[in-house]
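J.: Dropping the sequence and predicted coords here.
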Amino acid sequence: MHMKIGEVADAAGVNVQTLRYYERRGLLKEPPRTPSGYRKYEADAVDRIRFIRQAQDLGFTLNEIDELLELRVDDPGRCPTVEARADEKLAEVRRKIGELERMETVLSGLIASCRSRSPTNDCPILEVLEDSEHTQMEGEHIDGMD
């Protein structure tokens, strides 16, 4: 069964531009066209797009997804490679969670100090952000958030 681009996009839950972008990136093979120029997708295109979207939802980049798609075959020998990629992604997610938790701690402390002050022109949050001792030139991270 062949499907038109809009049908594939609807079935996969993406818009047509996303589908075209995946084609340009090489994540989705450009399908043959009808004599009138319409793309003719196979039904498995929907599954491939759903795979891409689910991998994106787990934090994989399109380059990483391209690697996973290459590994997506019925070969049990590929499983350790896929597992290694997932382990790397999990470590990255945990690192980001740690960064977000540190940011939350610093921001919560700044907000608490702001609320405990009497009305004044001095804003503790702006003071910390402007204080060169609390920021770094590259990335401008507040101390304790690195």
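T.: Done, it's in. From a predicted model like this one, the values you see are computed outputs, not experimental measurements.

J.: CA atoms for contacts and neighbours, from now on please.
T.: Will do.

J.: Could you list the low-pLDDT ranges of this structure?
T.: Along the chain, segments meeting pLDDT under 70 span 74-75, 118-121, 132-146.

J.: hmm, try it at 50
T.: 135-146 (pLDDT under 50).

J.: Show me how it divides into domains.
T.: Using automatic domain parsing, the domain parsing of the chain gives 2-72, 90-130.

J.: ok, and what's touching stretch 36-50?
T.: 1-5, 8-9, 11-13, 19, 28, 31-34 (C-alpha atoms under 8 Å, 6 or more residues apart in numbering).

J.: Looking at those, state which has the most neighbours.
T.: residue 8 (24 neighbours; other C-alpha atoms under 10 Å).

J.: What is the burial count for residue 79?
T.: Neighbours around residue 79, by other C-alpha under 10 Å: 14.

J.: Kindly check the end-to-end length of stretch 116-127 for me.
T.: Start-to-end span of stretch 116-127 (C-alpha to C-alpha, to the nearest Å) is 15 Å.

J.: now do stretch 11-30
T.: End-to-end distance for stretch 11-30: 17 Å, by C-alpha to C-alpha.

J.: tell me which residues of that stretch are tucked away?
T.: Within stretch 11-30, the residues that count as buried by 16 or more other C-alpha atoms under 10 Å are 11, 12, 14, 19, 20, 22, 27, 28.

J.: just so I have it, where are all the strands in the protein?
T.: Secondary structure of the chain by DSSP state E: the strands cover 2-3, 41-42.

J.: Reformat those as JSON lines; add distance to residue 107.
T.: As requested, these are exported to JSON lines (distance: least, C-alpha to C-alpha, whole Å):
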{"stretch": "strand 2-3", "distance to residue 107": "50"}
{"stretch": "strand 41-42", "distance to residue 107": "49"}
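
J.: can you tell which of these is closest to residue 52?
T.: With C-alpha to C-alpha as the measure, strand 41-42 is the member of those nearest residue 52 (16.3 Å).

J.: any idea how far the closest one is from the chain center?
T.: Its chain's C-alpha centre and that of strand 41-42 lie 27 Å apart, by C-alpha atoms, centre = their mean, to the nearest Å.

J.: what does stretch 108-116 give?
T.: 31 Å.

J.: ok, how many other residues are close to residue 45?
T.: Based on other C-alpha under 10 Å, the number of other residues close to residue 45 is 20.

J.: Cool, thanks, talk later.
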